[in-house]
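J.: Pasting the sequence and the predicted coordinates here, then a few questions.
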Amino acid sequence: MAETASSSKIKTSRWSLNGMTALVTGGTRGIGHAIVNELAGLGAAVYTCSRNEAELNKCLKEWEGKGFLVSGSVCDASSKDQRQKLMENVASLFNGRLNILVSVFAISFSA
């Protein structure tokens, strides 16, 4: 049976994250980037971080252009001090309320 436009809308409207908050580490590349897109596209306010400031700024402009509510900061999640600062930023921005946490770590292999 072919899916009609109206049934497609019903399925889409069923999935809403309006009013939810999310933190996605490593959100500027690969699966992290896709997760930020999906969460923000479903209406969540998303905070992300990256070790690369230029890459982060590029992605933030991309998301702003799509009308997504995404903010972020430079952070190396492997550093305890930087993780602490990240959580302070997120707690301040979201008034201490975090609904979704996605931790994406990049693994590098050298030959």
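T.: Nice, thanks for sending it over. Residues are numbered from 1 along each chain as shown.
J.: C-terminal to the lowest-mean-pLDDT helix or strand in the chain, which secondary structure element comes first?
T.: Of the helices and strands making up the chain, the lowest-confidence element is helix 5-14, at a mean of 45, by mean pLDDT, DSSP states H and E. Moving toward the C-terminus from helix 5-14, the first helix or strand encountered (DSSP states H and E) is strand 21-25.
J.: could you dump that next one to PDB, C-alpha only?
T.: The C-alpha coordinates for strand 21-25 follow below in PDB (Å, rounded to 0.1, in the frame of the first residue of the first chain):
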ATOM      1  CA  THR A  21      16.900  19.800  25.800                       C
ATOM      2  CA  ALA A  22      19.800  17.800  24.500                       C
ATOM      3  CA  LEU A  23      23.600  17.700  24.800                       C
ATOM      4  CA  VAL A  24      25.500  15.900  22.000                       C
ATOM      5  CA  THR A  25      29.300  15.700  22.400                       C
END
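J.: Paired strands for that strand, with orientation please.
T.: Strand partners for strand 21-25, identified by DSSP bridges, are recorded as strand 45-50 (parallel), strand 100-103 (parallel).
J.: Report the buried residues of it.
T.: Residues of strand 21-25 classed as buried under the neighbour-count rule (16 or more other Cβ atoms under 10 Å) are T21, A22, L23, V24, T25. No exception for glycine: its C-beta is placed from N, CA and C like everyone else's.
J.: Could you check the pLDDT of the third one?
T.: Read it as L23. At L23 the predicted local distance difference test score is 98.
J.: pretty sure it contacts Y47?
T.: Yes - under the contact definition of Cβ atoms under 8 Å, L23 touches Y47, with a separation of 5.1 Å.
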